[in-house]
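[1] My questions concern the predicted model and sequence given below.
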Amino acid sequence: MINKTVKEKKVAIKVMDMVAGYGEDVILNHLNFEVYEGEIFVILGGSGCGKSTLLKHLIGLNHPMSGNIVINGVDITDDKGDNLQRVLRECGILFQSGALFSSMTVADNVALPIQEHTDLPASSIDNIVKMKLAQVSLTGYEKHLPSEISGGMRKRAGLARAMALNPKILFFDEPSAGLDPVTSAELDQLIIRLNRNYGTTMVIVTHELPSIFSVAHRVIMLDKRVKKIIAEGSPHYLRDNSQNPFVRQFFNREIEPENSLLRN
Amino acid sequence: MTTLNNNLTNFYSFSQKSPDKLTIHFQDRLDVSNAAPLIKEFNTLLRTHKPDNLVIDLNKLTYLDDYGVSVLVELKRTMGNKRGDFSLTNMSEKVNEILTMHRFNVLGQQSISVQKTSQNLFANLGNSAFAIGSEVRFMLTFLGDTCYSFLMFLRRPGSLRFNDTVENMKRVGLDALPIVGLISFLLGLIMAFMSSVQLQQFGANIYVASLVSISMTRELGPIMTAIIVAGRSGSSFAAEIGTMKISEEVDALSTMNINPNFFLVLPRMFAALLVMPILTLFSDLFAIAGGLLVGVTMLDLTVSGYTNQTINTLTLFDVFWGVFKSGIFAILISWTGCLKGFQVGGGAAGVGKATTSAVVYSIFLIVLSDSLLVVILRYWNG
């Protein structure tokens, strides 16, 4: 938590010439990008452009048709065994719904990865769980079941679980989906704070504009028509300077005339 | 300065200036990567040195995270248990900030597991009574809802989801036929085989046919079929409706002004009611076939002799009585399955619980109602 200033940018995730899809359908075609250590990196794009598919490939749930994915220096492209497990232990993932285990209390959900992957005594795990829950402002909800807390709290509890092993990289799948603007803004602040305190690399999939502008250091934008990255850079720069009509359209929330749902 | 374990020399060392004062000097990092081995190491260290005063020197510590904090908390707790002194020295501002942020001073004082206050016997008894009370109320409400849905059906029979009913008939009936057939066949076979050992002694082989046919059509056929259907379909009704409940599909039906009971329960109950008697008849036939196989191959009976004896023994009443019972079981199984589905709350674990209790309740109700029917029949026949 004591910040070290990083002089040169170290690469945390490197995606090289990746082609991904389901069956015969190619969804992402020859993707190349890098995520640097300690940055908040946002993958954005409209619905159906392959954001979630890309995330699933980055965390090893799906395997690309061709190309390579390197995380923390380890190639996980086709790995299903030890390498992937080792890399995943250094990654935390917050799923869209929080994906808390409904039969366990909030505290047990957060304790689970710590119990499974460390040799710490129960009293220490107890203390770490308390600290994790305090970081996401859920002190006092330790004994609650996921069904007994609100959607925003479930997300935060999911985040506490994702952070349980102090991962180097945190992945977020649409963190603000289904949250009210205030809760969503709180979650954004939490993401920024964790990034600042721990230097954790954050990869966020979202299409919420306010969220993107408040948290992102750098974004890539995917487009389903070309199945590629159509823009890369800071969100403010892209909004003000991009010449790409699709990027401008996205940031200015314009409707495509020929595809408009309101067309007669 | 020294350490116990050579692998940990990079992270700490200890010194003992007087017998009762031990100083641990941390260096480099104290984090998720070394917390677990360090805690083990310090347990041994404190056990062997037994200091009354433990001083933690944080001068050379460059990185501390919440796992590191938990190591310090553990040391503090261990010293506290022995009524020894514990102190931190040479703390940098940054470390102090981290410790304050994680509320180092209060951590470890109360564990999560003991936070729940234990209740006394009477409170527990009262809570259980309330729980049973609310379950009974829910059951009665659900029963009322089902009756109301049935009245709605009588008023407008066309509004029943016909396709759903047919689909459920296939799932409850047709798909269950192989397993019902196989089990009944084997049951008939076993019964004939076991009874033949006794009956052969009296030269009463032919009564094997009577025994198999009467016991299967009147009792075992309907009961076995019901138990199989409860395990296959009762559980699936509970799981299906339970999952719909969790994913708010049931609420969606209500908001569209569609009665969930009419939409989900009636098709399932009608399907079960229509196919279970047929399944039971099949079960009877397969069991008789099983008995026939034993009779012909082991007891020197002819096919015609066995079938004639079966036909002569069985009355139409026996067959109808079995079929009637299976109708009652069908209503009980499908209703219980749906009821348990509607009672689901709290996610995946709730669905599992509902599925189990749907099967257990169904089987209990099958046996209970069967006993009642036996008593009723006994007095009815005089």
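    Received the coordinates, thanks. Numbers count the residues shown, from 1 in each chain, chains lettered A, B, ... in the order given.
[2] wait, what's in contact with A:Ile43?
    Each residue near A:Ile43 by Cβ atoms under 8 Å, 6 or more residues apart in numbering or on different chains is listed here: A:51, A:54-55, A:203-206, A:219-220, A:222. Bear in mind the C-beta positions are built from the backbone N, C-alpha and C, glycine included.
[3] Need the phi and psi values for it.
    phi -100, psi 120 (degrees, to the nearest 10).
[4] what's the neighbour count on the closest residue in space to it that isn't next to it in sequence?
    Nearest in space to A:Ile43, with sequence neighbours left out and distances taken as Cβ to Cβ, 6 or more residues apart in numbering or on different chains, is A:Val205 at 4.8 Å. Counted with other Cβ atoms under 10 Å in any protein chain shown, the neighbours of A:Val205 add up to 23.
[5] Would you mind measuring from A:Val205 to B:Pro157?
    Separation of A:Val205 from B:Pro157 (Cβ to Cβ, to the nearest Å): 51 Å.
[6] residue contacts, the residue in the stretch 101-250 of chain A positioned nearest to chain B?
    As assessed by Cβ to the nearest Cβ, chain B sits closest to A:Ser102 within the stretch 101-250 of chain A, at 2.4 Å. With contact taken as Cβ under 8 Å, 6+ apart, A:Ser102 is in contact with A:145-147, B:346-350.
[7] so where's chain B shaky on pLDDT?
    Counting by pLDDT under 70, the ranges of chain B that qualify are B:1-6, B:110-118, B:382.
[8] what packs against the lengthiest strand in it?
    Assignment by DSSP state E gives strand B:53-64 as the longest strand of chain B. Judged by 3 or more Cβ pairs under 8 Å, 6 or more residues apart in numbering or on different chains; DSSP states H and E, the packing partners of strand B:53-64 are strand B:21-30, helix B:66-81, strand B:85-89, helix B:93-101.
[9] quick one, domains of chain B?
    With domains defined by automatic domain parsing, chain B comprises B:6-101, B:148-381.
[10] possible to save the ones you listed as JSON lines with mean neighbour count?
    Listed next are the domains of chain B as JSON lines, based on neighbours: other Cβ atoms under 10 Å in any protein chain shown:
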{"stretch": "domain B:6-101", "mean neighbour count": "17"}
{"stretch": "domain B:148-381", "mean neighbour count": "19"}
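[11] can you list those domains in TSV and add distance to A:Leu112?
    TSV is the format used below for the domains of chain B (distance: least, Cβ to Cβ, whole Å):
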stretch	distance to A:Leu112
domain B:6-101	16
domain B:148-381	15
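[12] Quick check: closest non-adjacent residue to the residue of the stretch 251-382 of chain B found nearest chain A.
    Using Cβ to the nearest Cβ, B:Gly347 is the residue of the stretch 251-382 of chain B that sits closest to chain A, at 2.4 Å. By the measure of Cβ to Cβ, 6+ apart, the closest residue to B:Gly347 outside its immediate chain neighbours is A:Ser102, 2.4 Å from it.
[13] Can you verify the one you found is assigned to a helix?
    No - counting by DSSP: H, G, I helix; E, B strand; the rest coil, A:Ser102 falls outside a helix, being coil.
[14] Tell me the pLDDT of it.
    A:Ser102 is assigned 81 on the pLDDT scale.
[15] go on, A:Ala164?
    At A:Ala164, pLDDT is 89.
[16] dump the residue contacts of the nearest residue to it once chain neighbours are set aside.
    Of all residues not flanking A:Ala164 in the chain, A:Pro113 sits nearest, at 4.5 Å (Cβ to Cβ, 6+ apart). Counting by Cβ under 8 Å, 6+ apart, A:Pro113 touches A:161, A:164-165.
[17] Of those residues, just say which sits nearest to B:Ala123.
    Nearest to B:Ala123 among the contacts of A:Pro113, counting by Cβ to Cβ, is A:Arg161 at 32.4 Å.
[18] Over to the residue of the stretch 101-250 of chain A closest to chain B: give its phi and psi.
    Dihedral angles (degrees, to the nearest 10) for A:Ser102: phi -70, psi -20.
[19] Please report how far it lies from A:Tyr198.
    Counting by Cβ to Cβ, the gap from A:Ser102 to A:Tyr198 is 29 Å.
[20] where does the spatially closest residue to B:Ile190 that is not a sequence neighbour land in three-state SS?
    Nearest residue to B:Ile190 in three dimensions, chain neighbours excluded: B:Gly290, at 7.8 Å (Cβ to Cβ, 6+ apart). At B:Gly290, secondary structure determined by three-state DSSP is helix.
[21] dump the residue contacts of B:Gly290.
    Contacts of B:Gly290 by Cβ under 8 Å, 6+ apart are B:184-192, B:212.
[22] give me that answer again for 7 Å
    By Cβ atoms under 7 Å, 6 or more residues apart in numbering or on different chains, B:Gly290 lies in contact with B:185-189, B:192.
[23] what does B:Gly84 give?
    Counting by Cβ under 7 Å, 6+ apart, B:Gly84 makes contact with B:51-54.
[24] try 6 Å
    B:Asp52 (Cβ atoms under 6 Å, 6 or more residues apart in numbering or on different chains).
[25] show me where the stretch 51-200 of chain A has helices.
    Using DSSP state H, counting those that start in this stretch, the helices found in the stretch 51-200 of chain A span residues A:51-58, A:82-89, A:106-117, A:122-135, A:151-162, A:181-198.
[26] make that the stretch 151-300 of chain B, sorry
    Using DSSP H, counting those that start in this stretch, helices in the stretch 151-300 of chain B cover B:162-172, B:177-200, B:207-215, B:221-229, B:235-246, B:249-255, B:260, B:266-298.
[27] Adding distance to B:Lys325, write those helices out as a markdown table.
    Shown next, in a markdown table, are those (distance: least, Cβ to Cβ, whole Å):
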| stretch | distance to B:Lys325 |
| --- | --- |
| helix B:162-172 | 17 |
| helix B:177-200 | 15 |
| helix B:207-215 | 13 |
| helix B:221-229 | 4 |
| helix B:235-246 | 20 |
| helix B:249-255 | 32 |
| helix B:260 | 29 |
| helix B:266-298 | 8 |
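[28] how about the residues of chain A near chain B?
    Residues of chain A lying close to chain B by Cβ under 6 Å from any Cβ of the partner chain are A:1-2, A:102-103, A:107, A:118-120, A:124, A:126-128, A:131, A:142-143, A:147, A:166.
[29] ok, now with 8 Å
    A:1-2, A:4, A:101-103, A:107, A:118-121, A:123-124, A:126-132, A:134-135, A:142-143, A:145-147, A:165-166, A:198 (Cβ under 8 Å from any Cβ of the partner chain).
[30] still on that earlier bit, what is the nearest of the contacts of A:Ser102 to B:Leu273?
    Set against B:Leu273, the nearest of the contacts of A:Ser102 by Cβ to Cβ is B:Gly350 (27.6 Å).
[31] Please name the residues that touch the closest one.
    A:102, A:147, B:242, B:246, B:344.
[32] Tell me, how many residues neighbour A:Met26?
    One correction, residue A:26 is Val, not Met. Neighbourhood size, A:Val26 [other Cβ under 10 Å]: 14.
[33] swap in B:Thr141?
    Neighbours of B:Thr141 under the rule other Cβ under 10 Å: 11.
[34] Which of the helices and strands in chain A ranks last by mean pLDDT?
    When the helices and strands of chain A are scored by mean pLDDT, DSSP states H and E, helix A:82-89 comes last with a mean of 79.
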